[in-house]
Each structure stands twice: as C-alpha cells, then as structure tokens.
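In: need coordinates for the below:
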Amino acid sequence: MKKYAANYTKRNIFDLRRNAELRVLTCIHRPDNIPSTINLLEASYPTKDEPLCAYVLQLIELIGRASPVFICHQLHKSSNNSMAEKLVDAFQNFEQEFKDALVVNTFTTISPAEMMYDDICTLALNKFTSLIVLPFHKKWSSDGSSVEIEDESLRELNYRVMERAPCSVGILIERAQMTHIFSPETPYMVCLLFVEGKDDREALYFAKRMMKNPHVRLTVVRFLASTKEENPKVKDWQEMLDTKILNDMKSEKVGEACVEYIEKRVKDGPETALVIRSLASEFDLIIVGRQAGIETPQTSGLLQWSEYPELGVLGDLLASTDAAGKASVFVMQQQRTARDA
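Out: Here you go, the predicted model:
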C-alpha cells in the first residue's frame, strides 16, 4: 500500500488546476463495459481548454501457469483478441469525435486476479491520473430487470484498488446496457446526490465538468438534516465548505449550462431513500460520493442494511434495489493520501 498511497501529491479532480488536462484510467472487464464508460467520458465533454486523456485498460484474468503479460496497443497493432479489437475500435472512434481535445491510449493486462490491482495502481501512478474508473462486479440483463453475472473476483479487485489507489476512484454501475446518443433531442440527464464530505465534493467537481456539455442536463440534489446535532463544530465547518462550493457552482455560468439545484430536508436515511426513489427514474446517470462507513443524520439507519460497503450507503441503495431504475450509477471516492492513513 505504501508504494501507492504514501505520497502527498494531490491527484484528484477537486484539486485539479482550472483548464488542466484530466487524466483518467478506465478499466474494461467485459464488452458491455465499453458503451457505459464512453457515455461517462463523453458526458464530461473534453474541450481544447479542458482536455481529457483516457488510458483504457482491458483486464484479462490469467489462468494456469503462463506468465503475466502487459500489452500497449499503440505499439502492438495486431491482436488475436477480438475484445481488444472491439475496445481499440470503439475508443478510436470516440477519440475522432473530440479531435484536439481527447487522447486515448489502450492497454491489456493478462495477470492473476489477486495481482491485477498492482497493474491498475502502477499504471495510474505512472500516468499521473486523477481518476480510476472500475466496472461493478454485477452484470444485469439488457433491460435491467435481473442479474446475469456476479463476479466475486472482480468485486475483490475493486476493493483492493480502492484501498491502494494513488488517485480518486469511481465504480461505474450500469443497469441497462445502452449507448446514449448525445443531442439536443436526447439530452443526457445527470443527477448528483450530495450529502456532505470530501467524496461528495469530488463527485460534485466531476459533475461540474459536465456543465459545459450542451447535451447534458444536470440536477444537483442536496440532502440537509432537518434536525441539528448538539455541538457540531466539525460538521459546521464541513457544511460551510459544502455550502460555499455549491453556491459557487450555482452562480457559475458556463455557456448554455442547464443546472437545476434542489434542497431536501430529511430526518433520516429512510426518508432520504424515499426521495431518491421518487427522483431516480428521471435520469440516465446518478453520481454519488462513497463516504465509506460514515453515517450522517441524512443516512442514519441505512448503514446496517448495506450490502456493498465499497459503494457507501447511497451507492449501495442505488445498486442493490430497483431504486435507480435503468440509470447508470457512478460512485466516487476521493484520493486517500498518507494523511488519511
């Protein structure tokens, strides 16, 4: 863990300089991960002023005694791996859409499942990425009604990366496989659920990048506790910081940005869950901060029912029930540095 986390360099989206290139490492485990990952990156709208560099890593588990292999597809054009060809083609087409604003590099790692986290974290460290995107370990049917695959080795990999990553990490959950066509007629409906804390602020700053996309409609829903705790000095400072950041975003005009801001006062977790259920079916993508193991008045009572701790309470709520409808869900954890250890 020290190899990756014992650094004090801030590699996250919240601390990224204005107009700096965003570097993202996206991990692809199955072919159906490709469209959802491209949707997510396209929503963040690479421009010449705020370019995106995507490192795309195909994950293949090594079976038997063969030696691990790491392939750079820019150096090795020919491949007998049909998924690798599909991956390279899809991301090359994506790169063509955003000329001069997007650079894509594709790789494949073939290694034992228990060591794959090292390939991911090392590549992220060497390429100075601010974000790693991981696929969720469950695969739903095409209409999102039932689970087809549940891969525990992928779930374990996600855990290991979240514990060791040298930058921020997000788990992308896709309920219904579809490729979104970004256009004025079919705007991409994005919702950010905001409670408090640094993971939520990281999620907010990622969502902010979508404000400049003319084909994205962003809704920010902030959950406030209806009752105040006694002597909440630390909470008050956090809340003041959150309020300032949200106010800055509301007042920031980005082109024809369409942002709706909603505040909901809730007394506990079940009430928050009811609000989320009533909203969720309206969106294509829901972004939340992980806030692992942290219980607030707004989420009280949900932690004990949490099935997937790697997603935090709201991510878990959206992944383990039909609460999200067919929306994709992106759960974000801000970089953990040596100061957090």
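
In: quick check: phi and psi at the residue most central in space within the chain.
Out: By C-alpha atoms, centre = their mean, the chain has its centre lying nearest to G170, at 3.3 Å. Backbone torsions of G170, given as degrees, to the nearest 10, read phi -130, psi 140.

In: residues near the nearest residue to it once chain neighbours are set aside, how many?
Out: Using C-beta to C-beta, 6 or more residues apart in numbering and skipping residues adjacent in sequence, the residue nearest G170 is M332, 4.6 Å away. C-betas here are computed from N, CA, C, even on glycine. Other residues near M332 come to 29 when the count uses other C-beta atoms under 10 Å.

In: okay, strands next: where are they in this structure?
Out: 22-28, 52-61, 69-72, 102-111, 131-135, 138-140, 147-150, 168-173, 188-194, 216-225, 259-266, 285-289, 328-333 (DSSP state E).

In: enumerate the positions of the third one that are buried.
Out: Meaning strand 69-72. I71 (16 or more other C-beta atoms under 10 Å).

In: so what are the domain limits for this protein?
Out: According to automatic domain parsing, the chain is divided into the following domains: 2-172, 188-340.

In: worst mean pLDDT among these?
Out: Ranked by mean pLDDT, these bottom out at domain 188-340, with a mean of 85.

In: next one: that one to chain centre, how far?
Out: What separates the centre of domain 188-340 from the centre of its chain is 12 Å, taken as C-alpha atoms, centre = their mean, to the nearest Å.

In: picking up where we left off before, in contact with the residue nearest to G170, which residues?
Out: By C-beta atoms under 8 Å, 6 or more residues apart in numbering, the contact set of M332 is S168, V169, G170, D199, E202, A203, F206, I287, V288, G289, R290.

In: can you rerun that using 10 Å?
Out: Contacts for M332 (C-beta atoms under 10 Å, 6 or more residues apart in numbering) come out as 12-13, 131, 133, 168-171, 192, 199-207, 287-291, 312, 315.

In: who is it paired with across the strands?
Out: G170, G289 (DSSP bridges).

In: N19 touches A101, doesn't it?
Out: No: with contact defined as C-beta atoms under 10 Å, N19 does not reach A101; the gap is 12.0 Å.

In: and stretch 180-198, how far out from the chain middle?
Out: That offset, for stretch 180-198, works out to 12 Å (C-alpha atoms, centre = their mean).

In: before we move on, what about stretch 37-56?
Out: 13 Å.

In: same check, this time on stretch 57-75
Out: 24 Å.

In: please export the C-alpha coordinates of that stretch as CSV.
Out: Coordinates of each C-alpha in stretch 57-75 appear next as CSV, following Å, rounded to 0.1, in the frame of the first residue of the first chain:
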residue,chain,number,x,y,z
LEU,A,57,-7.0,-1.0,-19.6
GLN,A,58,-8.6,-4.3,-20.6
LEU,A,59,-8.5,-6.8,-17.7
ILE,A,60,-8.0,-10.5,-18.5
GLU,A,61,-7.5,-13.0,-15.7
LEU,A,62,-4.5,-15.2,-16.2
ILE,A,63,-5.4,-18.9,-15.8
GLY,A,64,-2.8,-21.6,-15.3
ARG,A,65,1.0,-21.1,-15.2
ALA,A,66,1.6,-18.8,-18.1
SER,A,67,3.5,-15.6,-17.4
PRO,A,68,1.7,-12.3,-16.9
VAL,A,69,1.6,-10.0,-20.0
PHE,A,70,1.1,-6.3,-20.3
ILE,A,71,0.3,-5.0,-23.8
CYS,A,72,0.3,-1.5,-25.2
HIS,A,73,-2.0,-1.5,-28.2
GLN,A,74,-0.3,1.7,-29.6
LEU,A,75,2.9,-0.4,-30.0
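
In: hang on, the earlier thing: with distance to D242 as added columns, please give the strands of the chain in a markdown table.
Out: Formatted as a markdown table, the strands of the chain follow (distance: least, C-beta to C-beta, whole Å):
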| stretch | distance to D242 |
| --- | --- |
| strand 22-28 | 22 |
| strand 52-61 | 26 |
| strand 69-72 | 41 |
| strand 102-111 | 31 |
| strand 131-135 | 21 |
| strand 138-140 | 31 |
| strand 147-150 | 35 |
| strand 168-173 | 18 |
| strand 188-194 | 7 |
| strand 216-225 | 8 |
| strand 259-266 | 12 |
| strand 285-289 | 11 |
| strand 328-333 | 15 |
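
In: contacts only, for the residue nearest to the centre of the chain.
Out: Contacts of G170 by C-beta under 10 Å, 6+ apart are 13, 24, 26, 40, 131-134, 162, 202-203, 206, 287-290, 315, 329-333.

In: again, only this time at 7 Å
Out: Listed by C-beta atoms under 7 Å, 6 or more residues apart in numbering, the contact partners of G170 are L131, V133, F330, V331, M332.

In: picking that back up, higher neighbour count, N19 and A101?
Out: The residue with more neighbours, out of N19 and A101, is A101; 16 against 10, by other C-beta under 10 Å.
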